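Chemist: Below is the sequence, then the predicted model.
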Amino acid sequence: MKFEFKGKEYYIDGYLASQLDSIVYNVKKDWDFVIMITGNRMVRVGKSILAMTVCAYLARGVLLRKVDRKPMNKDAYCMENVFFDNKTLVEKAQELPKFSVLHYDEGREGLAANKAMKSFQQDLIDFFTECGQLNHIFVIVAPDFFDLKEDIAVGRSEILLNVYRGSESVMRDIYNTGTKAPITKFTRGNFQFFSRKKKAKLFDLFRTTRRKSYSLTRPDFIGRFVDQYTIDEVEYKEKKRESLERFKERHEEQKEVRNSARPLTIVIVKNLLADDPKISGKKVSEILEKTYELDVTERTCRQYLQDARKKVQEDKEYAAELNKDIAKEVVNKPIEEQV
């Protein structure tokens, strides 16, 4: 179906629009909503494009719906509502007017994206605890649904939209030889819709089977979306580029800090190990970040723990050998010398 946003016409899947209408209707009644958008464990499948469409449709709904005969929010979605940094989003969320649509787009990929999303989730949970009455709608582009905390994946989020790559078999003469051959053509613009109930089932099945697959349960429906920018494409890409540049700079700074703080970090890890011999790398990483503001990966913490445990064992063996040598010296001494 077509809809108008800021004087331009766009397309949205009709079934998806109906679900978003329910959010617009209820947000007025002192609710906050979170919509998660993932990419089927792949990159470059169009997550951000779908997010823009969803945000624009929601903003259009917030404009049309009235509170005291006035629009709920006249400008609920614009470039200022697009964030690539979780700290900035949480800060701005407290300043923006009620019923704003906030678009968080994790522009990084791979491990960097997963790490950033972990930090963002805790910030978002803290935000809802302290400022939930602002009645915003969050549209979050995440690397993977299965890496989310249960509080966000099941408790806080209302909808999961999983964007996936389609494929079809076609006959093409791709080398201009006059002979067509079967080719697999990849397509964008496909998504699965999981309601609150279905995504909870998906998450529970993941936890019991440990399989990260969006096919563990059937979605409520599948839909299509088109390649369209509902905000200025050039500005969006520039803002994303600047964000990635700042991330690279911070990453280099953090790397220098980690290197300079490595001896201190090892001492802290040893102390933590002494207090809890079964402590995990994940727990150590969380303590270092929260208590000491040290950004150390879980993998590095596991290595520190392994080294520390090895050193503790070596110290025990050395002490045991030393005690044996002392005992031998005492035994071999004449009685008068021992006295």
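Modeler: Structure received. Numbering: from 1, shown residues only.
Chemist: so where's the chain uncertain?
Modeler: Where the chain drops to pLDDT under 70, the residues are 107-117, 131-132, 247-261, 325-339.
Chemist: Which parts of this protein belong to which domain?
Modeler: Taking automatic domain parsing as the criterion, the chain consists of the domains 2-249, 261-330.
Chemist: hey, which of those domains is tucked in deepest?
Modeler: Most buried of those, by mean neighbour count (mean count of other Cβ atoms under 10 Å): domain 2-249, with a mean of 17. No exception for glycine: its C-beta is placed from N, CA and C like everyone else's.
Chemist: what about that domain, distance to the chain center?
Modeler: Its chain's C-alpha centre and that of domain 2-249 lie 12 Å apart, by Cα atoms, centre = their mean, to the nearest Å.
Chemist: where along this protein do the strands fall?
Modeler: Under the criterion DSSP state E, the chain carries strands at the ranges 2-5, 8-11, 33-38, 66-67, 70-71, 82-83, 101-105, 137-141, 157-172, 181-194, 221-224.
Chemist: any chance of these in CSV, plus distance to residue 151?
Modeler: Formatted as CSV, those follow (distance: least, Cβ to Cβ, whole Å):
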stretch, distance to residue 151
strand 2-5, 32
strand 8-11, 33
strand 33-38, 11
strand 66-67, 29
strand 70-71, 32
strand 82-83, 20
strand 101-105, 16
strand 137-141, 13
strand 157-172, 9
strand 181-194, 17
strand 221-224, 26
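Chemist: Quick one: closest of those strands to residue 45.
Modeler: Nearest of the strands of the chain to residue 45, taken as Cβ to Cβ: strand 157-172 at 4.9 Å.
Chemist: and residue 298, what does it touch?
Modeler: 281-282, 284-285 (Cβ atoms under 8 Å, 6 or more residues apart in numbering).
Chemist: which among the residues you listed gets closest to residue 7?
Modeler: Closest to residue 7, out of all of the contacts of residue 298 and judged by Cβ to Cβ, is residue 285, at 48.4 Å.
Chemist: mind checking how far the closest one is from residue 300?
Modeler: As judged by Cβ to Cβ, to the nearest Å, residue 285 and residue 300 stand 8 Å apart.
Chemist: coming back round to it: show me which pair in the contacts of residue 298 is furthest apart.
Modeler: Maximum pairwise distance among these (Cβ to Cβ): 7.3 Å, between 282 and 284.
Chemist: Please enumerate the shared neighbours of the two.
Modeler: 298, 301.
Chemist: quick one: contacts of stretch 66-75?
Modeler: 27-28, 59, 62-65, 97-100.
Chemist: what about that stretch, how long is it end to end?
Modeler: End-to-end distance for stretch 66-75, by Cα to Cα, to the nearest Å: 13 Å.
Chemist: what do you get for stretch 294-303?
Modeler: 16 Å.
Chemist: what does stretch 24-33 give?
Modeler: First-to-last distance for stretch 24-33 - Cα to Cα - comes to 10 Å.
Chemist: Please apply the same query to stretch 170-178.
Modeler: Using Cα to Cα, the two ends of stretch 170-178 sit 15 Å apart.
Chemist: Contacts for it next, please.
Modeler: Taking Cβ under 8 Å, 6+ apart as the rule, stretch 170-178 contacts 179-185.
Chemist: Nearest residue to residue 309 in space, please, no chain neighbours.
Modeler: Nearest non-adjacent residue to residue 309, counting by Cβ to Cβ, 6 or more residues apart in numbering: residue 273, 6.9 Å away.
Chemist: ok, now how distant is that neighbour from residue 299?
Modeler: In terms of Cβ to Cβ, residue 273 sits 17 Å off from residue 299.
Chemist: same deal with residue 263?
Modeler: Where residue 299 is concerned, residue 263 sits at a distance of 19 Å (Cβ to Cβ).
Chemist: Residue 281 too?
Modeler: From residue 281 to residue 299 the distance is 7 Å (Cβ to Cβ).
Chemist: Likewise for residue 47?
Modeler: Taking Cβ to Cβ, one finds residue 47 at 26 Å from residue 299.
Chemist: do residue 202 as well
Modeler: 27 Å.
Chemist: Could you do residue 143 as well?
Modeler: 17 Å.
Chemist: ok, now residue 20?
Modeler: Where residue 299 is concerned, residue 20 sits at a distance of 39 Å (Cβ to Cβ).
Chemist: what are the ranges of the helices in this protein?
Modeler: 14-27, 47-64, 86-93, 110-131, 150, 196-209, 233-260, 262-275, 281-292, 298-332, 335-338 (DSSP state H).
Chemist: Looking at those helices, spot the one closest to residue 222.
Modeler: Nearest of the helices of the chain (Cβ to Cβ): helix 14-27, 9.1 Å.
Chemist: I'd like to know which elements that closest one is packed against.
Modeler: On a contact count with 3 or more Cβ pairs under 8 Å, 6 or more residues apart in numbering; DSSP states H and E, helix 14-27 meets strand 33-38, helix 47-64, strand 157-172, strand 181-194, strand 221-224.
Chemist: switch to 6 Å and redo it
Modeler: helix 47-64, strand 221-224 (3 or more Cβ pairs under 6 Å, 6 or more residues apart in numbering; DSSP states H and E).
Chemist: contacting residues around that helix?
Modeler: With contact meaning Cβ atoms under 6 Å, 6 or more residues apart in numbering, helix 14-27 is reached by 1, 33, 57-58, 61, 65, 135, 221, 223.
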